[in-house]
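K.L.:
how would this look folded up:
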Amino acid sequence: MSVKIGIAGPVGSGKTSMIESLTNLLKDEYKVAIVTNDIYTTEDANYLKKSLSIDSDMVIGVETGGCPHTAIRDDISINLKACEDLESSFQPDIIFVESGGDNLSATFSYELVDYYCYIIDVAQGGDIPRKKGAGLLFSDLLIVNKTDLAPYVEVNLEEMKSDVKENRKNKPALFVSKKDKQSILNVKEWILALL
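P.N.:
Numbering: from 1, shown residues only. Here you go, the predicted structure:
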């Protein structure tokens, strides 16, 4: 059985980019498959098929036709079918299930995934952790992305870290930047601990 890891967050927070980075870090040791969700396109899946050096059939793009959270939480059938198809065809160790861009209340059904991450980015505003929302509060891992942009968008990163700690209580959170390879490796280590 594959470990299924959901990735949710607002549009532009870096979900696809995070999956690309993690797949590149994991693909030599583990078989990785991906299911992406977009409302009316398979844009994210098409990008990953071109950019990743894995079998393109191991990336499935799902067109939800409606609110992204519906397909990951309420009626998961289309995503569940995609995961089952990948498992029967490829027996992957890990399946990433990427939600379409959604709001702070996006959560995954645990009938679809085993664990899920919620991604926000500093450019969306330093107050995002104080706005809470189920995805931010209850996800198995919160990723605060694009930390290198903090000085350019006038976000106090230390204050944001404090807000995350206060609102997440004892749940894990990682602050990440593609420019800081170690921060991406920290996300990889979290995934390896799940395996």
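
K.L.:
alpha carbons only for contacts and neighbour counts from here, please
P.N.:
Fine.

K.L.:
hey, where'd the helices end up in the protein?
P.N.:
With DSSP state H applied, the chain shows helices at 15-26, 43-51, 68-69, 77-90, 128-131, 134-138, 157-168, 181-194, listed in chain order.

K.L.:
dump those to TSV, plus mean neighbour count.
P.N.:
Supplementary listing: these in TSV, determined by neighbours: other Cα atoms under 10 Å:
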stretch	mean neighbour count
helix 15-26	18
helix 43-51	17
helix 68-69	22
helix 77-90	16
helix 128-131	16
helix 134-138	22
helix 157-168	16
helix 181-194	14
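
K.L.:
nearest to residue 58, out of the ones you listed?
P.N.:
Ranking those by proximity to residue 58 (Cα to Cα) places helix 77-90 first, at 6.6 Å.

K.L.:
for residue 96, which of the helices of the chain is the nearest?
P.N.:
With Cα to Cα as the criterion, residue 96 lies closest to helix 15-26 of the helices of the chain, at 7.3 Å.

K.L.:
that closest one to helix 43-51, inter-axis angle?
P.N.:
Using axes from the mean of the first three to the mean of the last three Cα atoms, to 10 degrees, the interaxial angle of helix 15-26 with respect to helix 43-51 works out to 30 degrees.
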